[in-house]
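Chemist: What follows is a predicted protein model with its sequence.
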Amino acid sequence: MIAVFAAQHDCGIKAKMTTDEAPAGMIDSRLFRDQFGSAEMRNVFSDEAMLGGWLAAEVALARAQADHGLIPAHAAQTIADCAKVERFDIARLRAGIAHAKHPLVPTIKALEVISGKAGPYVHFGATTQDIMDTGMVLQIRAGWTIIERQLTELVTATKKLAHQYKAAPMAGRTHGQHAVPITFGFKLAVIVAELRRHAKRMDEARSRLLVGQLSGAAGTLATHGDKADAVRRDMMRHLDLNVPDISWHTARDTIAECIFILSLIAATVGKVANEIVNLQRTEIAEVVEPASPDATGSSTMPQKRNPMAAQSVVALARLVRAGPGQALEAMMHEHERDLAAWQAEWAFVPETFIMASGAVEQLTSIMSGLHVDKARMRENVLRSGGLINAETVMMRLAPAIGRQRAHDLIEDLVKQNAANGTEFIDALSSNATVSAHLNRRELEDLLAPEAWLGEAVAATERILEAS
């Protein structure tokens, strides 16, 4: 075994690890892995979990075959008793895979040996992809359940904020500029509605995703004769998976759908995190992500409080959004089996789950402790001197003088206001057309942020009350 030694520097640090121990990549990095996922989801897609899925599939296959007299019942029971992850040597399996150039044969051979006299009945009439696909679906089910729970937690945290700030005015921004007033609760309610749609997508996709595989060498399951369908159904019953209508060895649309849904979730989560980054800008300063007392904003600038957690979520979201392209490529199978396309899934499915889960979990932590500055929000709304409510005045004049004329009039007054440096209220009240319909007190009321919130509060309450 080759040993890798880190150079000993003046600081006195000396590190030693073997190539077997050294993780490669951020997902497994001992330094950074918690920024790219969670231990819970990593465990779902660990080598042990993957092996456990294969063994569960082999056990279910043996039990179903015993149910229909294809193998002895005692053999199926022995296989079930022996198919325990702890009885397998991961390092030896890895060496076997490298030697055999085959992903499953070393596991099958090991299970045959461990099962003794029942060994000849292991993997009876199945093909590698049957077992590996079914095992992956079991992992997907576990990962799906985790993300569903995480989405619920994120919705709960976001709803709490939305309720607290449902009537807190802030500047609505379009194209990076002040548009009209909204409330912070309304902004959050839009997010809640979007997250709920993702949760519904996940629920609707479950029946399509959680489908096992037992199709034999080229999808016909000829090895099981006239009992093929019955064995397949019972195998899936033992695993609590749905029964496939037909082989999906080369039909990977459901895997792609899985990745697309996770990417949609990541895109939403990334968008929210990026909004937090922007709202925490010094010039805006309306929200601040939570930070521990010993958190450091910058290694050189002591005044900085960077939105590091939110930016981490944005980075994860960008990585996850690469998944759909990979999933589409992996749909391009040739003939009835194609390792080149299939093997790519072994990489991007776990990575997508781990990073998507990490993004949702980290955003939930941010939303649960987000500091909101209502005073700063109001200050920013008022920063333009009432210009953010220009539409309000226009729409009040429109019934009397026509919408287009009102628009042109207010636009001209805004331009004059900018050129002369006068207050918007003064420009409005000194205009004969405006003053003919609105006095100064009415104009002052119209320029208050609360005057033009529309259904912001009502819509927020509607979303919060929905199940």
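Modeler: Received the coordinates, thanks.
Chemist: pLDDT weak spots in the chain?
Modeler: Scanning the chain for pLDDT under 70 picks out 1-21, 293-304, 467.
Chemist: which one's the longest helix in it?
Modeler: Criterion DSSP state H: the longest helix present in the chain is helix 128-164.
Chemist: so what does the next helix or strand after that helix touch, helix or strand wise?
Modeler: Next helix or strand after helix 128-164 toward the C-terminus (DSSP states H and E): strand 169-174. Counting contacts by 3 or more Cβ pairs under 8 Å, 6 or more residues apart in numbering; DSSP states H and E, strand 169-174 packs against strand 177-183, helix 374-382. For glycine as for every other residue, the C-beta is placed from the backbone atoms N, C-alpha and C.
Chemist: Outline the domain layout of this structure.
Modeler: Using automatic domain parsing, the domain parsing of the chain gives 47-121, 128-213+248-292+306-375, 386-446.
Chemist: For Arg233, which of these is the nearest?
Modeler: Judged by Cβ to Cβ, the one of those that comes nearest to Arg233 is domain 47-121, at 7.9 Å.
Chemist: Please tell me how far that closest one is from the chain's geometric centre.
Modeler: 33 Å (Cα atoms, centre = their mean, to the nearest Å).
Chemist: Ends of that domain, what's the gap?
Modeler: Domain 47-121 has an end-to-end distance of 25 Å (criterion: Cα to Cα, to the nearest Å).
Chemist: what does stretch 431-443 give?
Modeler: In stretch 431-443, first residue to last residue: 12 Å (Cα to Cα).
Chemist: Flag every buried residue along that stretch.
Modeler: Asn431, Val434, Leu438, Leu443 (16 or more other Cβ atoms under 10 Å).
Chemist: Now tabulate the residues you listed in a markdown table and tack on secondary structure.
Modeler: Formatted as a markdown table, the buried residues of stretch 431-443 follow (DSSP: H, G, I helix; E, B strand; the rest coil):
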| residue | secondary structure |
| --- | --- |
| Asn431 | coil |
| Val434 | helix |
| Leu438 | coil |
| Leu443 | helix |
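Chemist: Looking at the residues you listed, which is nearest Asp130?
Modeler: Leu443 (74.5 Å).
Chemist: contacting residues for the closest one?
Modeler: Leu443 is in contact with Val393, Ile425, Leu428, Ser429, Val434, counting by Cβ atoms under 8 Å, 6 or more residues apart in numbering.
Chemist: do that again at 10 Å, thanks
Modeler: Shown in contact with Leu443 (Cβ atoms under 10 Å, 6 or more residues apart in numbering): Gly386, Asn389, Thr392, Val393, Arg396, Phe424, Ile425, Asp426, Leu428, Ser429, Val434, Ser435.
Chemist: one step back: just the buried residues of stretch 431-443 now: which is nearest Glu379?
Modeler: Taking Cβ to Cβ as the measure, Glu379 lies nearest Leu443 of the buried residues of stretch 431-443, at 20.9 Å.
Chemist: Emit the PyMOL select command for whichever of the contacts of Leu443 are buried.
Modeler: Burial among those is assessed by 16+ other Cβ under 10 Å; the matching PyMOL selection reads:
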select buried, resi 386+389+392+393+396+424+425+428+429+434
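Chemist: With distance to Asn380 and secondary structure added, can I get the contacts of Leu443 in TSV?
Modeler: What follows is those, written out as TSV (distance: Cβ to Cβ, whole Å; DSSP: H, G, I helix; E, B strand; the rest coil):
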residue	distance to Asn380	secondary structure
Gly386	13	coil
Asn389	14	helix
Thr392	17	helix
Val393	20	helix
Arg396	24	helix
Phe424	16	helix
Ile425	18	helix
Asp426	22	helix
Leu428	21	helix
Ser429	24	helix
Val434	26	helix
Ser435	29	helix
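Chemist: Just give me the closest of the contacts of Leu443 to Val314.
Modeler: Distances from Val314 to the contacts of Leu443, taken by Cβ to Cβ, are shortest for Asn389, at 32.3 Å.
Chemist: The closest one is in contact with Leu447, isn't it?
Modeler: Yes. Under the criterion of Cβ atoms under 10 Å, Asn389 makes contact with Leu447 at 4.7 Å.
Chemist: which residues are common contacts for these two?
Modeler: Between them, Asn389 and Leu447 share these contacting residues under Cβ under 10 Å, 6+ apart: Leu382, Phe424.
Chemist: circling back to that earlier point, so which of the domains of the chain is nearest Leu239?
Modeler: domain 47-121 (4.7 Å).
Chemist: re the thing from before, just say which of the helices and strands packed on strand 169-174 is most tucked in.
Modeler: Most buried of the helices and strands packed on strand 169-174, by mean neighbour count (mean count of other Cβ atoms under 10 Å): strand 177-183, with a mean of 19.
Chemist: Now do it: which elements does it pack against?
Modeler: On a contact count with 3 or more Cβ pairs under 10 Å, 6 or more residues apart in numbering; DSSP states H and E, strand 177-183 meets strand 169-174, helix 374-382, helix 390-401, helix 456-465.
Chemist: and the longest helix of the chain, how far out from the chain's middle?
Modeler: Relative to its chain's centre, helix 128-164 lies at 9 Å (Cα atoms, centre = their mean).
Chemist: What of stretch 399-406?
Modeler: 47 Å.
Chemist: End to end on it, go ahead and measure it.
Modeler: End to end - Cα to Cα - stretch 399-406 spans 9 Å.
Chemist: So which bits of that stretch are buried?
Modeler: Neighbour-count burial for stretch 399-406 [16+ other Cβ under 10 Å]: Ile401, Ala406.
Chemist: and for it, what are the contacting residues?
Modeler: Under Cβ under 10 Å, 6+ apart, the answer for stretch 399-406 is 391, 393-398, 408-409, 433-434, 436-438.
Chemist: mind redoing it with 6 Å?
Modeler: Contact partners of stretch 399-406, identified using Cβ atoms under 6 Å, 6 or more residues apart in numbering, comprise Met394, Leu397, Ala398, His437.
Chemist: Look up the closest residue to the third one, ignoring the ones flanking it.
Modeler: Take Ala398 and drop its neighbours on the chain: the residue closest to it by Cβ to Cβ, 6 or more residues apart in numbering is Ala406, 4.5 Å away.
Chemist: what's the distance between the one you found and Val414?
Modeler: Separation of Ala406 from Val414 (Cβ to Cβ, to the nearest Å): 13 Å.
Chemist: I'd like the next helix or strand past the one helix or strand Ala267 maps to.
Modeler: Applying DSSP H and E as the criterion places Ala267 in helix 253-279. The C-terminal neighbour of helix 253-279 among helices and strands, as given by DSSP H and E, is strand 287-288.
Chemist: Would you mind measuring from Pro449 to Phe124?
Modeler: From Pro449 to Phe124 the distance is 72 Å (Cβ to Cβ).
Chemist: Between the two, tell me which one has more neighbours.
Modeler: More crowded of Pro449 and Phe124, by other Cβ atoms under 10 Å: Pro449, with 23 against 19.
Chemist: how much space between that one and Ser215?
Modeler: According to Cβ to Cβ, Pro449 stands 63 Å off from Ser215.
Chemist: Over to Gln77?
Modeler: Counting by Cβ to Cβ, the gap from Gln77 to Ser215 is 25 Å.
Chemist: Then Asp229?
Modeler: Asp229 sits 11 Å away from Ser215, going by Cβ to Cβ.
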